[in-house]
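Participant: pasting the structure only:
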């Protein structure tokens with residue numbers, strides 16, 4: 001995208017290359033009006049402007065016209081001006097139909113970018129990146145499904161499958177990568193390794209390569225040991241010609257040591273424990289809730305029993321987090337009732353690790369779980385299971401990355417026994433391997449689970465049924481997420 005310059009090497013772009021770019025972290029000043037965001041120069045226009053600025057700096061030099069390629073440079077200057085006009089016209093996408101497809105309504109256009117929710121910001125920037133995509137050569141998309149609801153994720157997936165532009169995307173969405181990718185590039189040991197096929201193909205090939213390299217290296221080092229033993233035998237017999245020959249062979253073998261295989265994923269140990277007290281049942285009956293005069297949902301009925309794992313899905317802003325907080329007793333419904341089993345212990349994992357106190361150190365945060373606080377050795381042992389070791393334990397929570405905050409919140413979460421786990425976007429900021437660890441832990445958890453997520457592969461691995469909120473109603477569909485989502489569509493519920 002040109003936002004970061006390489007320390008070594010060259011980035012060569014085809015002249016006239018048209019591309020769209022979606023950054024993972026919004027690169028828009030918060031005071032910018034959304035209408036101006038959608039009218040800002042595209043990466044293509046910005047690149048042309050930079051080329052023009054370079055030529056104008058050359059033209060200002062006294063010796064510019066003495067150069068042998070002066071005429072060619074002037075011809076390029078004129079052609080770039082023509083290209084800039086076209087690029088600027090394509091940059092203005094305020095009336096592009098893609099806005100409606102992504103849910104960027106008229107009511108957002110005059111708002112400040114900084115006042116938008118995470119989902120709204122993502123939709124605005126995605127609209128800017130994908131607009132006129134059929135006329136672009138390349139799309140560079142960094143986590144395009146972040147903060148998106150499932151309907152929007154599926155729309156993006158279908159849209160990318162329809163266009164001819166090359167797509168380079170970074171994502172932790174397994175379903176998206178399986179649907180879109182023809183090739184997977186992995187950054188490993190400071191190198192880029194290419195695998196043919198989609199994400200599932202990549203995992204199969206990577207595992208096979210890892211096993212093959214391990215076997216190859218084992219054979220190699222076994223042979224090195226054998227040669228060293230022979231060398232020592234020749235030394236003891238004082239057969240010096242053979243000693244020299246073996247030394248030369250060993251030096252060659254060291255130079256020809258097989259490459260390491262793919263790096264092993266950094267795993268953490270996760271197991272959720274079910275509380276022994278309380279009756280394992282939750283009943284939600286006829287619940288309704290409004291916010292700011294807008295009805296979120298009404299007549300909601302939902303029941304969870306021991307062993308149930310329910311995924312809660314729906315469009316952004318439909319009230320999923322609100323319903324979770326009603327279930328656990330943090331909010332009161334406007335109508336209806338919630339029954340929780342007597343003495344039921346409820347664990348709540350808040351979105352974006354909101355339960356953490358970022359002014360505390362990691363040790364203080366973990367020791368705050370119990371009263372009196374447990375020994376420091378216990379806290380360090382728990383932190384170590386989640387890759388927080390050594391001096392990291394004394395770091396403030398506010399200095400952690402999104403993925404590190406999620407791991408710290410999980411560390412706190414597993415230290416207690418709960419009969420009901422209520423999780424709001426637990427896989428945010430986690431890489432795919434970490435998502436799979438959380439999913440496996442929930443699969444083996446014997447209590448009740450209610451989880452909000454937009455991660456389709458995670459829901460598919462964890463949930464035995466799916467509760468869908470749409471049009472202020474809730475309906476429950478049985479089976480895996482794939483089956484439940486298909487059933488909801490077939491029933492025309494959404």
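Facilitator: Noted; the coordinates are in hand. None of these values were measured; they are calculated from a predicted model.
Participant: flag the shaky bits of this protein, pLDDT-wise.
Facilitator: 41-43, 87-96, 275-279 (pLDDT under 70).
Participant: ends of stretch 357-377, how far apart?
Facilitator: Length of stretch 357-377, first residue to last, C-alpha to C-alpha, to the nearest Å: 21 Å.
Participant: bridged to residue 477, which residues?
Facilitator: residue 466 (DSSP bridges).
Participant: can you read off the backbone torsions of the residue found closest to residue 165 once you drop the neighbours it is linked to in the chain?
Facilitator: Closest residue to residue 165 apart from its sequence neighbours, by C-beta to C-beta, 6 or more residues apart in numbering: residue 136 at 4.8 Å. Every residue, glycine included, has its C-beta placed from N, CA and C. Phi and psi for residue 136, reported as degrees, to the nearest 10, are phi -100, psi 160.
Participant: what number of residues lie near residue 136?
Facilitator: Neighbourhood size, residue 136 [other C-beta atoms under 10 Å]: 23.
Participant: where's it relative to residue 170, distance?
Facilitator: Relative to residue 170, residue 136 is positioned 18 Å away (C-beta to C-beta, to the nearest Å).
Participant: now do the SS call for the most centrally placed residue in the chain.
Facilitator: Residue closest to the average C-alpha location in the chain (C-alpha atoms, centre = their mean): residue 172, at 4.0 Å. Secondary structure state of residue 172, per DSSP: H, G, I helix; E, B strand; the rest coil, is coil.
Participant: now swap in residue 21 and tell me
Facilitator: Per three-state DSSP, residue 21 ends up strand.
Participant: please apply the same query to residue 359.
Facilitator: coil.
Participant: and the residue nearest to the centre of the chain, how far from residue 56?
Facilitator: 43 Å.
Participant: and the strands in the stretch 301-450 of the chain, which stretches?
Facilitator: Per DSSP state E, counting those that start in this stretch, the stretch 301-450 of the chain has strands spanning 309-313, 335-340, 346-349, 417-418, 420-424, 448-452. These are given in chain order.
Participant: chain center to the fourth one: distance?
Facilitator: If I follow you right, that is strand 417-418. 28 Å (C-alpha atoms, centre = their mean, to the nearest Å).
Participant: neighbouring strands for that strand, and are they parallel or not?
Facilitator: strand 273-274 (parallel).
Participant: with the last one instead?
Facilitator: Looking at strand 448-452 with DSSP bridges, its partner strands are strand 309-313 (parallel), strand 420-424 (parallel).
Participant: what element comes up after it heading to the C-terminus?
Facilitator: helix 456-462 (DSSP states H and E).
Participant: export the strands of the stretch 301-450 of the chain to TSV and tack on distance to residue 433?
Facilitator: Compiled in TSV, those are given as follows (distance: least, C-beta to C-beta, whole Å):
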stretch	distance to residue 433
strand 309-313	21
strand 335-340	34
strand 346-349	19
strand 417-418	25
strand 420-424	18
strand 448-452	19
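Participant: with distance to residue 182 and mean neighbour count added, can I get these in TSV?
Facilitator: TSV is the format used below for the strands of the stretch 301-450 of the chain (distance: least, C-beta to C-beta, whole Å; neighbours: other C-beta atoms under 10 Å):
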stretch	distance to residue 182	mean neighbour count
strand 309-313	29	24
strand 335-340	48	15
strand 346-349	36	21
strand 417-418	43	18
strand 420-424	34	24
strand 448-452	32	24
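Participant: for residue 410, find the nearest of those.
Facilitator: Evaluated with C-beta to C-beta, those place strand 346-349 nearest to residue 410, the distance being 7.6 Å.
Participant: packing partners for that closest one?
Facilitator: helix 320-328, helix 402-413, strand 420-424 (3 or more C-beta pairs under 8 Å, 6 or more residues apart in numbering; DSSP states H and E).
Participant: can you rerun that using 10 Å?
Facilitator: Applying 3 or more C-beta pairs under 10 Å, 6 or more residues apart in numbering; DSSP states H and E, one finds that strand 346-349 contacts helix 320-328, helix 402-413, strand 417-418, strand 420-424, strand 448-452.
Participant: chain center to the longest one: distance?
Facilitator: Think helix 402-413. The chain centre lies 15 Å from the centre of helix 402-413; the measure is C-alpha atoms, centre = their mean.
Participant: okay, buried residues for the longest helix anywhere in the chain please.
Facilitator: Ranked by residue count, the top helix of the chain under DSSP state H comes out as helix 199-237. Neighbour-count burial for helix 199-237, counted by 16 or more other C-beta atoms under 10 Å, picks out 199, 201-203, 205-206, 231, 234.
Participant: which one of these is nearest to residue 161?
Facilitator: Among the buried residues of helix 199-237, residue 199 lies closest to residue 161 (C-beta to C-beta), at 15.0 Å.
Participant: for the closest one, which non-adjacent residue is spatially closest?
Facilitator: residue 177 (3.7 Å).
Participant: and of the buried residues of helix 199-237, the nearest to residue 248?
Facilitator: Taking the buried residues of helix 199-237 together and measuring to residue 248 by C-beta to C-beta, the closest member is residue 231, at 10.7 Å.
Participant: still on that earlier bit, wait, what's in contact with the residue nearest to residue 199?
Facilitator: If you count contacts by C-beta atoms under 10 Å, 6 or more residues apart in numbering, residue 177 has them with 169-171, 184, 198-200, 202, 432, 457.
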